[in-house]
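Colleague: Sequence below, structure please.
(2 chains)
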Amino acid sequence: DAGVIQSPRHEVTEMGQEVTLRCKPISGHDYLFWYRQTMMRGLELLIYFNNNVPIDDSGMPEDRFSAKMPNASFSTLKIQPSEPRDSAVYFCASSPSRQIPEAFFGQGTRLTVV
Amino acid sequence: AQSVTQLDSQVPVFEEAPVELRCNYSSSVSVYLFWYVQYPNQGLQLLLKYLSGSTLVKGINGFEAEFNKSQTSFHLRKPSVHISDTAEYFCAVTENHGNQFYFGTGTSLTVIP
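Modeller: Coordinates of the predicted model:
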């Protein structure tokens, strides 16, 4: 397996624009997590899914953020409208199951909002 | 909710010297514990994990960690570091009936030639 695949690796956008980050988890993994990493706050869990169903989105900062998982092999994190304070590295991770608790991370998407 | 504390935000150490990166967690229930490493511009990579059994866990690149339940600690150690060990290290915990991974704030290890 190629691991967790995120796209794009880098994204530069203007304030107010819509941004969509994409993630392909490892095949067969039941859990998918979205994290945001900044210098100030470290690694924050935004939302996670179990079998494509959102379980906990309490980490989503505000209504401008939304995440979907339409099927087991794809998830998106959307920011609309984007703001400069959203600049961060966004990681997607997947985990096989509750019985195999290990998170596998993608390479991340570095988002810059100017 | 869990909390994970990594007391040292930055640790400089000379090459071939030993190093210990400290991690404490808050849970009073059974947990799984992890150390991840992040190299510049990369994602997080698993170094080692404790699920059950022996409290001394060995991982990749010569790292090991010891689970101490009474002190709720999971410190990471390496007897002799290399330049290539320079990276950010994250401790993480998940409850063994839970699904969320809680991460510490990270420790930046810098190996000095």
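Colleague: Next, count neighbours for whichever residue of chain A sits closest to chain B.
Modeller: Scanning chain A for the residue nearest chain B gives residue A:105, at 3.8 Å (criterion: C-beta to the nearest C-beta). (C-beta placed from N, C-alpha, C; glycine too.) Each residue near residue A:105 was counted by other C-beta atoms under 10 Å in any protein chain shown, and the total is 22.
Colleague: Number of residues surrounding residue 99?
Modeller: Reading this off chain A. Residues contacting residue A:99 under the criterion other C-beta under 10 Å number 8.
Colleague: that's the wrong chain, I wanted chain B
Modeller: The number of residues packed near residue B:99 is 17, by other C-beta under 10 Å.
Colleague: So it lies in a strand, does it not?
Modeller: No: according to DSSP: H, G, I helix; E, B strand; the rest coil, the state of residue B:99 is coil, so it is not within a strand.
Colleague: now it: how far from chain A?
Modeller: Counting by C-beta to the nearest C-beta, to the nearest Å, the gap from residue B:99 to chain A is 6 Å.
Colleague: Let me know the pLDDT of that residue.
Modeller: Residue B:99 is assigned a predicted lDDT (pLDDT) of 72.
Colleague: quick one, what contacts it?
Modeller: The contact partners of residue B:99, taken as C-beta atoms under 8 Å, 6 or more residues apart in numbering or on different chains, are A:31, A:48, A:50, A:55, A:95, A:98.
Colleague: Residue A:38 too?
Modeller: Contact criterion C-beta under 8 Å, 6+ apart gives A:44, A:87-89 as the residues in contact with residue A:38.
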